[in-house]
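>>> this is a predicted model, with the sequence first.
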Amino acid sequence: MTDEERREQMMRLILTLRSRGITDPAILRAFERIDRGAFVTGFFADRAYEDTPLPIACGQTISQPSVVALMTEALEVEPRHKVLEVGTGSGYQAAILSQLARRVYSVERHRPLIAEARAIFARLDLHNITTIATDGSFGLPDQAPFDRIIVTAAAEDPPGPLLAQLRVGGVMVLPVGQSDTVQSLIKVRKLETGYDYEELRPVRFVPLLEGMAKD
Ligand code: SAH
């Protein structure tokens, strides 16, 4: 793909996001700055700018851009925020968040994915993302509390440790569901007195699994 084709396809993707209702200029700018092509290599590289999830290494997937955008919008990220992402995968969602937040911590259970994402962040000069190989169901107690938490793998319920590591007034966005096929994207706001839950839309994510992967 030539640079010109790449630019054109990226602009088309931005138009698709707009048509899906994403209007926040800061979020659209993040999608203009972060080249999804850097996160999709090999067989599917030519399809990097399509609004579709694609396979990445370790049997995982890079999420659909419009879902990344929707989750980012729901997260209400502000420039002073410290954000935790569970499920680094390709690193694309973390890269988008890095344009909007002060610091992003992203955790992943597959070590090879962490290594690849780190290399891409270095190449793209993204220096406010810290990636850690760990089971994200337990969050990152050392860095808690977080202003925002985003989970990009589906659990049956919001994991207790993640709720505990959310700052009061903070927001967590995550897919929940009891099966691989029926999941809802939900937004949880932590209040002084408890939690406020909002159901956003049906989604389909890979499951949140326990423990480190054996790779
Ligand atoms: N945010 C990613 C998409 C990730 S797919 C992107 O932008 O490309 C979901 C990821 O969650 C997978 O890579 C999977 O390995 C990871 N995952 C699943 N369970 C996990 C857990 N308990 N802790 C950390 N990562 C987990």
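Thanks, I have the structure now.
>>> doesn't residue 130 make contact with residue 108?
No - between residue 108 and residue 130 there is no contact under Cβ atoms under 8 Å: 11.8 Å. For glycine as for every other residue, the C-beta is placed from the backbone atoms N, C-alpha and C.
>>> who's more crowded, those two?
Set side by side, residue 108 and residue 130 show unequal neighbour counts under other Cβ atoms under 10 Å, the larger going to residue 108 at 31 against 16.
>>> residues contacting the nearest residue to that one once chain neighbours are set aside?
Ranked by Cβ to Cβ, 6 or more residues apart in numbering and with sequence neighbours excluded, the top spatial neighbour of residue 108 is residue 88, at 3.7 Å. With contact taken as Cβ atoms under 8 Å, 6 or more residues apart in numbering, residue 88 is in contact with 94, 106, 107, 108, 113, 114, 117, 131.
>>> cool, and residue 69?
Taking Cβ under 8 Å, 6+ apart as the criterion, residue 69 is in contact with 17, 20, 22, 27, 31, 96.
>>> can you convert those into a markdown table and add a column each for distance to residue 138 and pLDDT?
Converted to a markdown table, the contacts of residue 69 look like this (distance: Cβ to Cβ, whole Å; pLDDT from 0 to 100):
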| residue | distance to residue 138 | pLDDT |
| --- | --- | --- |
| 17 | 33 | 98 |
| 20 | 33 | 95 |
| 22 | 32 | 97 |
| 27 | 29 | 98 |
| 31 | 31 | 98 |
| 96 | 24 | 98 |
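>>> next to the ligand, which bits of this structure? Give me the list.
Taking Cβ under 6 Å from any ligand atom as the contact definition, the chain meets the ligand at 60-63, 86-87, 89-90, 92-93, 107-110, 113, 135-137, 152-153, 206, 208-209.
>>> which of the residues you listed are buried?
For the residues of the chain next to the ligand, burial is judged from neighbour counts taken by 16 or more other Cβ atoms under 10 Å, and it is met by 60-63, 86-87, 89-90, 92-93, 107-110, 113, 135-137, 152-153, 206, 208.
>>> okay, and which of those map to helices?
Judged by DSSP state H, the subset of these located in helices is 92, 93, 113.
>>> how near is the first one to residue 9?
When Cβ to Cβ, to the nearest Å is applied, the distance between residue 92 and residue 9 equals 15 Å.
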